[in-house]
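A.B. asks: Take a look and give me a structure for this.
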Amino acid sequence: MAGGGSWALTLTVSVVSLLVVQADIIAYAPVGQLFVHELQRETFQHEFEPFHKLYGKVHNDPMVFKCNRQLFPDLPRWLRFTQRHPYDNGFLYGTPLQEDLGKNIIEIFVTNKRSYETFKERLVINVGPVVKLMPYQAEFFIELREIEKVLPSEVQEEIKQDIQLIWDTERLDYVNITSALDRGGRVPLPLAGHYEGVYVKLGSDQPYSTCLQRLQTPAHQRECDAGGKISGDCSVCNIPANCITWCKSTLIDLSRPVPPPPAPTVGSGILAWGGEFNPPDSPPERDFIPDYIITIIIPFALALILCLILSYVMCCRREGVQKRDTMTPEIQLYHHHTIHGNTSELRTMAEGRSGVPQPLSTLPMFNARTGETAPPQYPSDSVHIPLIMAQQEPNVDTLPRK
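C.D. replies: Residues are numbered from 1 along each chain as shown. Purely as a prediction, here's the structure:
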């Protein structure tokens, strides 16, 4: 009975585990407003099953995020992703437009760089219609910031508070945040004090303040072109890293309707007579003989001259036997001829010893002429005594025996 209960419990747990579905993250993004979603590493740390649950150890694992639209290799055109380092959080950010209305399903793949485990999650972004009309917009450049340091909500609030003092209104909303690298900026050096810079665009339904209206005056443009001190700079920054560059700030006034472009002029549809077609004249004839001489004849002549010089050095500059004999002292030549004469005399004497028997040490153990196994009889002269005594009787053991 106990066995049946355990089997039932196991089956129930298996069915429940198969039916559990990971809930999607639902987000809403209105058209014309900045959307930011932070991918926190601490949240995904609990999704992995490292051994800290068994041994009570907590790890700060490096994680890498990869994001793409479902069934597509990349993100939607209005959405961007950034993560500076595996130990930093990732950010999905962007501003949807009117043509981006609808549901966007984003697949998020998380890779634990310590254990190389992976986890998948889905983010559903519902892009809705415009919620707030912001006909007055302004873009500011923050030089001492990077895109990852501006996207957190705390930093956005700090920047907004400074711009509210400049705009004289609290009804501000973010429209877009863009890195200077996306605007053609240069990659900064990997040193302290070098930043890429960030463009921040905010909008409101309230008109510009008197301070912001100075950005559109010709005097402001002349001062910025001169590169000196800006007299109309009224920017406020409680944190030095959030200070804006006044000369790179621009106003975008959408309250005035933009006149449509002029309609194209409709013609008769018949091209005007332009006269007869005169084809261009053929190019003048070109003489290739100088080019042939420079590229073929001159290199060939140089090669031939080098071959002649080398042949003369190797064949015509030899000393010869007579010249060497003339330059050699007579005593040296006499010694040389004496050596040759002595060598010839020794060879002649060696040929006259053909009748002398060969040493016994060089003879075989049998007579090669008669075929006898025993060597021939030698005279009793001590000169002809065999060096190996066993050669007289090869079958007799001459070693001493006890």
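
A.B. asks: Geometric centre of the chain: which residue is closest?
C.D. replies: Nearest to the mean C-alpha position of the chain, by Cα atoms, centre = their mean, lies residue 187 at 17.0 Å.

A.B. asks: For it, give me its contacts.
C.D. replies: 181, 196 (Cβ atoms under 8 Å, 6 or more residues apart in numbering). Placement of C-beta: from N, CA and C, glycine included.

A.B. asks: Got the confidence number for it?
C.D. replies: The score at residue 187 is 86. That number is its pLDDT.

A.B. asks: how close does it sit to residue 246?
C.D. replies: Distance of residue 187 to residue 246, given as Cβ to Cβ, to the nearest Å: 25 Å.

A.B. asks: What of residue 160?
C.D. replies: For residue 160, the distance to residue 246 - Cβ to Cβ - is 18 Å.

A.B. asks: Check what pLDDT residue 256 gets.
C.D. replies: For residue 256, the model assigns a pLDDT of 81.

A.B. asks: what about it, how many neighbours?
C.D. replies: 7 (other Cβ atoms under 10 Å).

A.B. asks: Is it part of a helix or strand, or is it coil?
C.D. replies: Following DSSP: H, G, I helix; E, B strand; the rest coil, the label given to residue 256 is coil.

A.B. asks: what does residue 163 give?
C.D. replies: Relying on three-state DSSP, one would call residue 163 helix.

A.B. asks: For it, which non-adjacent residue is closest in space?
C.D. replies: residue 202 (6.0 Å; Cβ to Cβ, 6 or more residues apart in numbering).

A.B. asks: Point out where this structure drops to low pLDDT.
C.D. replies: 1-23, 49-59, 228, 232, 319, 352-402 (pLDDT under 70).

A.B. asks: Residue for residue, what is the longest helix it has?
C.D. replies: Counting by DSSP state H, the longest helix found in the chain is helix 330-351.

A.B. asks: The residue nearest to residue 163 belongs to a helix?
C.D. replies: No: counting by three-state DSSP, residue 202 is located in no helix; its state is strand.

A.B. asks: Would you state the strands of the stretch 201-350 of the chain in chain order?
C.D. replies: 244-253 (DSSP state E, counting those that start in this stretch).

A.B. asks: Now do the contacts for residue 159.
C.D. replies: Contacts of residue 159 by Cβ under 8 Å, 6+ apart are 142, 150, 200, 242.

A.B. asks: do that again at 10 Å, thanks
C.D. replies: 140, 142, 145, 150, 174, 177, 198, 200, 202, 237-239, 241-242, 244 (Cβ atoms under 10 Å, 6 or more residues apart in numbering).

A.B. asks: now the angle between strand 244-253 and the one helix or strand it maps to, please.
C.D. replies: Element membership for residue 159 (DSSP states H and E) is helix 153-167. For helix 153-167 against strand 244-253, the angle by axes from the mean of the first three to the mean of the last three Cα atoms, to 10 degrees is 70 degrees.

A.B. asks: Might you report the residue contacts of the residue nearest to residue 144 when sequence neighbours are not counted?
C.D. replies: The shortest distance from residue 144 to any non-neighbouring residue, by Cβ to Cβ, 6+ apart, is to residue 241 (4.6 Å). Residue 241 makes contact with 142, 143, 144, 145, 146, 149, 150, 155, 158, 159, 195, according to Cβ under 10 Å, 6+ apart.

A.B. asks: rewinding a little: ok but the residue nearest to the centre of the chain is inside a strand, no?
C.D. replies: No: with three-state DSSP as the criterion, residue 187 is coil rather than part of a strand.

A.B. asks: measure it to residue 179 for me?
C.D. replies: 11 Å.

A.B. asks: where do the contact lists of the two overlap?
C.D. replies: What both residue 187 and residue 179 touch, as defined by Cβ under 10 Å, 6+ apart, is the set residue 196.

A.B. asks: ok, back up a step: among the contacts of residue 159, which are in helices?
C.D. replies: Cross-referencing the contacts of residue 159 against helices under DSSP H gives residue 150.

A.B. asks: what about the helices in this protein?
C.D. replies: 2-19, 41-45, 52-55, 147-150, 153-167, 210-213, 218-226, 289-292, 298-311, 321-327, 330-351.

A.B. asks: what about the ones you listed, which gets the closest to residue 106?
C.D. replies: helix 41-45 (14.9 Å; Cβ to Cβ).

A.B. asks: for the closest one, packing partners?
C.D. replies: strand 63-69, strand 102-112, strand 118-128 (3 or more Cβ pairs under 10 Å, 6 or more residues apart in numbering; DSSP states H and E).

A.B. asks: Return the alpha-carbon coordinates of that helix using PDB.
C.D. replies: C-alpha atoms of helix 41-45 as PDB (Å, rounded to 0.1, in the frame of the first residue of the first chain):
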ATOM      1  CA  ARG A  41      21.500  39.700 -13.000                       C
ATOM      2  CA  GLU A  42      20.300  39.100  -9.400                       C
ATOM      3  CA  THR A  43      16.900  38.100 -10.800                       C
ATOM      4  CA  PHE A  44      18.300  35.500 -13.100                       C
ATOM      5  CA  GLN A  45      20.800  34.200 -10.500                       C
END
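
A.B. asks: For that helix, report the contacting residues that lie outside it.
C.D. replies: With Cβ under 10 Å, 6+ apart, helix 41-45 has contacts from 52, 58-63, 65, 83, 86-90, 108, 110-112, 119, 121.
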